[in-house]
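Enquirer: Dropping the sequence and predicted coords here.
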Amino acid sequence: MNKGLTNFIAVLIVLFLSAIYYSDTIQSPLISVLNSIKSTYHNISESIDETVYTHFFQSKHIQELEEKLEQYENNHLVMQQLASELNDLFYENNSILKTNPSVTLVRTISYQKFGNLNRIWLEINDYNASKIYGLAYKELVAGIVIADNEKPLGILNRDIMSTYAVIIGSASAPGIAQGTNKENLIVKFIPSWMNIQVGDEVKTSGLDKLFFKGLKVGRVLSCSKAQGYQSAIVEPYYKANNPNYFHIIKRVK
């Protein structure tokens, strides 16, 4: 390339850059294009960062869930082994007792009626509409399951139709817990001679064959006596307003 051509190209470049710098007509569309390229670049970059972060976060979360699942499975196997040994012990001692509990995870479909948070339709496989079941959330009592048009309907704690057998405090005072359609529950038919106090914990007795013995219900707020019995107002532990999954107790023993 000769010197003249080189100088000519250099002059063109200087003129072009000067035009870009001083002329809005040329500068404006060029900046617009560059900004568009930058915006696209940042969007792609953020998308990649988010994808990478999500991938590693999900991988870590999945690993944690797998570890918990393994722990639960181990606990389940241990409980099965204990139940097996206990049944063998009963057999060796010619006892008719046996233990073979059954618990199933179930999913909420929807509320029965709009505005009523205490009744929910449940999705339950092999549902037996002739029975009433206990409904639990983790170690907490959530309510019971009854049949409505042969379909499983969850009646949560606060509903007036939710009733089950409980024991109260260190004295294990027996009673029947029932919803009030309000915030708290009431426990009725507590023997008048048994000592119960504010703050006592309420748990399931297991005598109604709906729940295992010892599942947590709530704590006593107040006590009263009438007609030869005591009653207790109980603040329930389970208070979730957006339930998705529960455990249904299909068999206690």
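Expert: Ah, there it is.

Enquirer: OK, contacts around Ile160?
Expert: By CB atoms under 8 Å, 6 or more residues apart in numbering, the contact set of Ile160 is 178-181. Every residue, glycine included, has its C-beta placed from N, CA and C.

Enquirer: repeat for Ala136
Expert: Shown in contact with Ala136 (CB under 8 Å, 6+ apart): 103, 142, 211, 215, 246-249.

Enquirer: on that earlier part again, mind giving me the PyMOL select for the contacts of Ile160, buried ones only?
Expert: Selection of buried members from these for PyMOL, criterion 16 or more other CB atoms under 10 Å:
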select buried, resi 178+179
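
Enquirer: where exactly do the strands run in this structure?
Expert: Counting by DSSP state E, the chain has strands at residues 102-111, 119-123, 133-137, 140-148, 151-156, 163-168, 173-178, 185-191, 201-204, 216-226, 229-236, 245-251.

Enquirer: In JSON lines, list these along with mean pLDDT and distance to Glu67.
Expert: Shown next, in JSON lines, are the strands of the chain (pLDDT from 0 to 100; distance: least, CB to CB, whole Å):
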{"stretch": "strand 102-111", "mean pLDDT": "85", "distance to Glu67": "19"}
{"stretch": "strand 119-123", "mean pLDDT": "90", "distance to Glu67": "28"}
{"stretch": "strand 133-137", "mean pLDDT": "92", "distance to Glu67": "22"}
{"stretch": "strand 140-148", "mean pLDDT": "94", "distance to Glu67": "24"}
{"stretch": "strand 151-156", "mean pLDDT": "94", "distance to Glu67": "31"}
{"stretch": "strand 163-168", "mean pLDDT": "97", "distance to Glu67": "34"}
{"stretch": "strand 173-178", "mean pLDDT": "96", "distance to Glu67": "36"}
{"stretch": "strand 185-191", "mean pLDDT": "96", "distance to Glu67": "36"}
{"stretch": "strand 201-204", "mean pLDDT": "95", "distance to Glu67": "30"}
{"stretch": "strand 216-226", "mean pLDDT": "94", "distance to Glu67": "26"}
{"stretch": "strand 229-236", "mean pLDDT": "96", "distance to Glu67": "31"}
{"stretch": "strand 245-251", "mean pLDDT": "87", "distance to Glu67": "20"}
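
Enquirer: Which of those strands sits closest to Asn93?
Expert: When those are compared for distance to Asn93 using CB to CB, the nearest one is strand 245-251, at 22.6 Å.

Enquirer: Tell me the one of the contacts of Ala136 nearest Lys151?
Expert: Ile248 (13.7 Å).

Enquirer: quick one: that closest one and Glu235, what's the gap?
Expert: Going from Ile248 to Glu235 by CB to CB, to the nearest Å gives 24 Å.

Enquirer: Alright, calling it a day.
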